[in-house]
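# Can you look at this prediction? I've put the sequence above it.
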Amino acid sequence: MGCLKERLLILAICLSVCLSVVTGLRCYVCNYYHLESSDPRVNQALSAITSSSDEDCKNSGTRQQTCRSDREYKCGKVSATVEFSVVGEDVKLGAVTRGCTLNTTISDRCYAATDEDKTKLRAGFASIATVTSVDATGCVCSTDLCNGQLSISAKRFSWLAGLVLAVLARQL
């Protein structure tokens, strides 16, 4: 049994070292857009815009990106629903975008869009449409592939895994 104990301790040390060495934060990177109108002809025109949309982005995404390591990045996710009127037609836009976000001041959590954020969005649409409703949330997190949600960090996980394996080794 001594040999098993030694192997578990070595595994615990290796796991701790391997998981705590991070070369750069990995985040999902994708965009999802869904546009709809009550007019079928408008929907047909809008489908060309959304054809490159990644449906998986709503849940997590399939593509990953390693953020640059020369600055502090977090994984970000923005979900928004915007209702607007363009050329007399009401349109509803649903969007999710994920990627590396350069930000050192925001703590890991989700934020609802402020009135100032909504005003900026309305201004962005002003030349082409009239925005009637905006609902948006942005989330940031600082662990690999955290999907815009809080999760246990790799360093905490490696420490916890090492501790569990060390306790198991002592009991054998």
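Happy to help now that I have it.
# Let me see the domain layout of the chain.
1-22+152-172, 24-143 (automatic domain parsing).
# Reformat the ones you listed as CSV; add mean neighbour count and mean pLDDT.
Placement of C-beta: from N, CA and C, glycine included. Shown next, in CSV, are the domains of the chain (neighbours: other C-beta atoms under 10 Å; pLDDT from 0 to 100):
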stretch, mean neighbour count, mean pLDDT
domain 1-22+152-172, 14, 46
domain 24-143, 16, 88
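# Please tell me how far the closest residue to Asn31 other than its chain neighbours sits from Phe84.
Closest residue in space to Asn31, ignoring its immediate chain neighbours: Thr97 at 4.9 Å, by C-beta to C-beta, 6 or more residues apart in numbering. Distance of Thr97 to Phe84, given as C-beta to C-beta, to the nearest Å: 18 Å.
# for Glu36, same thing?
For Glu36, the distance to Phe84 equals 12 Å [C-beta to C-beta].
# and if you look at Asn103?
Shown here: Asn103 relative to Phe84, a distance of 28 Å by C-beta to C-beta.
# about what we covered before: anything in contact with each of Glu36 and Phe84?
Taking C-beta atoms under 8 Å, 6 or more residues apart in numbering as the criterion, Glu36 and Phe84 both touch Val91.
# Would you mind pulling the contact partners of stretch 126-142?
25, 74-86, 90-91, 101, 103, 106, 108-113, 117-118, 121-122, 125, 147-151, 153.
# From what I see, Arg63 and Asn31 are in contact.
No: Arg63 is beyond contact range of Asn31, at 10.1 Å (criterion: C-beta atoms under 8 Å).
# any common contacting residues for those two?
Shared contacts of Arg63 and Asn31 (C-beta under 8 Å, 6+ apart): Asp54.
# residues contacting Gly76?
27, 98-101, 103, 138-140, 148.
# about what we covered before: secondary structure class for the residue nearest to Asn31?
strand (DSSP: H, G, I helix; E, B strand; the rest coil).
# Does it touch Gly61 like I think?
No: using C-beta under 8 Å, Thr97 makes no contact with Gly61, being 9.8 Å away.
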